[in-house]
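In: sequence plus predicted model, see below.
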Amino acid sequence: MKRLFDFLSSFFGLLILSPLFLILIVIIRISSKGGAFYKQTRVGQFNRDFLLFKFRSMYVDSDKKGLLTVGNQDKRITSIGVFIRKFKLDELPQLINVLFGDMSFVGPRPEVRKYVDLYTPDQLRVLNLKPGITDMASIKYKNENDILSHQKDPERYYIDVILPDKIKINLDFYKSSNSLVGSIRVILLTFKVVFLGS
């Protein structure tokens, strides 16, 4: 049932949002050099790699200077990138990942291999779950980039504090709420946080 919901919602979502996609593609391409989309290898369900799609919000090759972003003052973020990140518009192309079955609407946010390689055996259990566009951990850490911007060593803080907490939140939540009803609740909470700021 959840997969059917994901497939139909992502299919119609892509159709309905196609005009917005076209607008964002044009704006991104004329505002800075490079393509409109950013593709990155992430670790999915059962520890399998897949290509995650995003709208590009940073200058080309910025990921070579570090995987984490630390607030809007990060000079690698383009002017339009600040806007699309604020309203999570950069995540919209992940509807393609949901349509293809690599992701679900709701599930643990997929990490890059660099950080997954640091998981403990217990934390690796989170890879039994299909990754998602949003989850309860994303809601708690909606201001993650700003939190990191105040740390002396943002990556170390992410690895030691934020990442373990995110995994714990996901393992605890999906132990009892991995259902369509639970997913819809998380989606509604995400919209509330992103657009109402609460």
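Out: Happy to help now that I have it. Residues are numbered from 1 along each chain as shown.
In: any idea how far residue 15 is from residue 181?
Out: Distance, residue 15 to residue 181, using CB to CB, to the nearest Å: 25 Å. (Glycine included, C-beta is placed from N, CA and C.)
In: where does the protein dip in pLDDT?
Out: In the predicted model, the chain carries pLDDT under 70 at residues 67, 69-73, 176-178, 198.
In: show me where it has its strands.
Out: Remark: strands assigned in the chain by DSSP state E are 37-43, 49-55, 104-106, 132-134.
In: out of these, the one nearest residue 94 is which?
Out: strand 132-134 (5.0 Å; CB to CB).
In: please compute how far the closest one lies from its chain's middle.
Out: Its chain's C-alpha centre and that of strand 132-134 lie 6 Å apart, by CA atoms, centre = their mean, to the nearest Å.
In: now for that strand, which elements pack on it?
Out: helix 94-100, strand 104-106, helix 180-196 (3 or more CB pairs under 8 Å, 6 or more residues apart in numbering; DSSP states H and E).
In: buried ones in stretch 100-107, by neighbour count?
Out: The neighbour-count check on stretch 100-107 (16 or more other CB atoms under 10 Å) flags 102, 103, 104, 105, 106, 107 as buried.
In: pull the contacting residues for the residue nearest to residue 45 when sequence neighbours are not counted.
Out: Distances taken as CB to CB, 6 or more residues apart in numbering place residue 130 nearest to residue 45, at 4.6 Å, with adjacent residues excluded. If you count contacts by CB atoms under 8 Å, 6 or more residues apart in numbering, residue 130 has them with 44, 45, 103, 104, 107.
In: how about these, which pair is most distant?
Out: 44 and 104 (10.3 Å).
In: who touches both of these two?
Out: Any residue near both residue 44 and residue 104 by CB under 8 Å, 6+ apart counts here, and that gives 130, 131.
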